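[1] Kindly return the folded structure for what I paste below:
(one chain, ligands or ions: 1)
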Amino acid sequence: MSERLIIIGSGPAGWAASIYAARANLEPLCIEGAQTQENYVQGTLPLGQLALTTEVENYPGFPAGDLKGFLKTALDENDLAMIPSVEGMHTVTGPQLMHLMRRQATNFGTRVITDDVVSIDLSQRPFKMKTLGGTSHEAECVIVATGARANYLGIDSEHAYKNKGVSACAVCDGALPRFRNKPVVVIGGGDSAMEESLYLTKFASKVYIIHRRDAFRASKIMAERALANSKIEVKWNTTIDEVLGADDEGVKGVRLRSTVDHDKTEELEASGYFAAIGHTPNTDFLNGQVELTDKHYIRWVKPFRTNTSVEGVFAAGDVADDYYRQAITAAGSGCMAALDAERWLGMQGVH
Ligand SMILES: Cc1cc2nc3c(=O)[nH]c(=O)nc-3n(C[C@H](O)[C@H](O)[C@H](O)COP(=O)(O)OP(=O)(O)OC[C@H]3O[C@@H](n4cnc5c(N)ncnc54)[C@H](O)[C@@H]3O)c2cc1C
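    Residues are numbered from 1 along each chain as shown. Modelled structure (predicted):
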């Protein structure tokens, strides 16, 4: 049987699309990703990127406060058991927020399959797809909301301190108390590294940019802005040898290694480590059937709409957005995609 709408992905974009589509009686099927070791390593487990973080201070509707009572009434015991308990949190955490979104989507009738879409045929309708678990599905309309993942250097100590000072998003984490009035390091040399560094100067006492070459590849204007900021110091021709820290305190510094004289190392004190070496959108499974940008993000082909190059396929969230990359913008475009999908289905006579 062909579904009317399949939503692929389970971050804020996927759940917002599911909530809107379910409330429009489209009975959507959401394929939320698989619980595999590979997804764990890549950071693409179900519930998306926010499931990897602790506090989310900037999602509207969740001011600081004790959510325990609300969570107990909104979620069931299974959901609650899956949310890591974190002592001393003063606002909603990423996993809590994502379980609430998922619950809101299922409350309205969204059906969920915990699996990865590994191949898809968009050449004719109904669109066909296969999952890692071996099931096949067909749909008249598809919303792709598979998100993106931040790139890290991949060293063990970097992984060990994720959420304990290691981050890939200054806008998300920069204002957290642990970074205020303390030195931090930013890894990279492109425009994002300049932007992240400049943003962090609002909070940190000093921002070191760690760059493996002797010149930035960032645009001239961004590089000049960063270099002119008195709080920013560049460590040219260096790379991260190790992130230094302690289990209880998290990141306490970094050991740098020269890319010119490999025996030369230097230690810097830092409370934060921000990777700014790009993101990888989760678009491989589309196998070139939807037009992508030169950075492999899905291209939105109509201004202020979520249409892709394939009629009946819409995209939402970070998989199509390499610019804002926030939960609220992902959720916003998820809502847009559901409305676009519903109207498009209506025009095909599918209600
Ligand atoms: C550590 C961290 C902290 C952050 N903190 C904040 C914050 O405080 N505030 C904020 O606004 N933003 C924050 N962000 C950014 C925010 O998480 C993202 O902008 C947002 O999650 C994007 O939502 P999305 O729905 O587009 O995709 P994602 O959250 O990336 O979710 C997509 C999900 O789709 C699923 N998927 C992927 N491929 C497939 C497939 N082939 N088949 C089926 N399913 C698939 C996976 O489960 C994947 O995780 C943070 C990001 C990170 C990494």
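[2] show me what contacts the residue sitting nearest the centre point of the chain?
    In the chain, the C-alpha nearest the mean C-alpha coordinate belongs to Q49, at 4.1 Å (C-alpha atoms, centre = their mean). The contact partners of Q49, by C-beta atoms under 8 Å, 6 or more residues apart in numbering, come to G11, G43, G94, G147, A148, R149, A150, D318. Bear in mind the C-beta positions are built from the backbone N, C-alpha and C, glycine included.
[3] now do A218
    Here A218 is in contact with G189, G190, D191, A193, M194, A226 (C-beta under 8 Å, 6+ apart).
[4] Could you measure from it over to the ligand?
    22 Å (C-beta to the nearest ligand atom, to the nearest Å).
[5] So for the closest residue to the ligand within the stretch 201-350 of the chain, what's the pLDDT?
    Taking C-beta to the nearest ligand atom as the measure, the stretch 201-350 of the chain has G317 as its residue closest to the ligand, at 2.2 Å. At G317, the model reports a pLDDT of 98.
[6] any idea whether the nearest residue to it once chain neighbours are set aside is helix, strand or coil?
    Using C-beta to C-beta, 6 or more residues apart in numbering and skipping residues adjacent in sequence, the residue nearest G317 is A13, 2.7 Å away. Using DSSP: H, G, I helix; E, B strand; the rest coil, the structure places A13 in helix.
[7] Begin at 50, not 1, for the rest of this chat.
    Sure thing, new numbering starts at 50, so read that last one as A62.
[8] Double-check L78 against C190; I have them as touching.
    No - L78 is beyond contact range of C190, at 11.1 Å (criterion: C-beta atoms under 8 Å).
[9] Buried ones in stretch 59-79, by neighbour count?
    Using 16 or more other C-beta atoms under 10 Å as the test for burial, stretch 59-79 gives 59-73, 75, 77-79.
[10] Alpha carbons only: can I get that stretch in PDB?
    C-alpha atoms of stretch 59-79 as PDB (Å, rounded to 0.1, in the frame of the first residue of the first chain):
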ATOM      1  CA  SER A  59      13.700  12.600  13.300                       C
ATOM      2  CA  GLY A  60      15.200  15.900  14.400                       C
ATOM      3  CA  PRO A  61      13.100  19.100  15.000                       C
ATOM      4  CA  ALA A  62      12.400  19.300  11.200                       C
ATOM      5  CA  GLY A  63      11.000  15.800  11.000                       C
ATOM      6  CA  TRP A  64       8.900  16.000  14.100                       C
ATOM      7  CA  ALA A  65       7.500  19.500  13.200                       C
ATOM      8  CA  ALA A  66       6.600  18.100   9.800                       C
ATOM      9  CA  SER A  67       5.000  15.000  11.400                       C
ATOM     10  CA  ILE A  68       2.900  17.100  13.800                       C
ATOM     11  CA  TYR A  69       1.600  19.300  11.100                       C
ATOM     12  CA  ALA A  70       1.000  16.500   8.600                       C
ATOM     13  CA  ALA A  71      -0.700  14.300  11.300                       C
ATOM     14  CA  ARG A  72      -3.000  17.200  12.300                       C
ATOM     15  CA  ALA A  73      -3.900  17.600   8.600                       C
ATOM     16  CA  ASN A  74      -5.100  13.900   8.700                       C
ATOM     17  CA  LEU A  75      -2.400  12.800   6.300                       C
ATOM     18  CA  GLU A  76      -1.500   9.900   8.700                       C
ATOM     19  CA  PRO A  77       2.300  10.300   8.000                       C
ATOM     20  CA  LEU A  78       4.800   7.600   8.400                       C
ATOM     21  CA  CYS A  79       8.100   8.900   9.900                       C
END
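[11] Flag the least confident of the contacts of A267.
    Comparing the contacts of A267 by pLDDT, D240 comes last, at 89.
[12] Report the contact partners of that residue.
    A267, S268, M271.
[13] Let's verify the first one: helix, strand, or coil?
    It refers to A267. coil.
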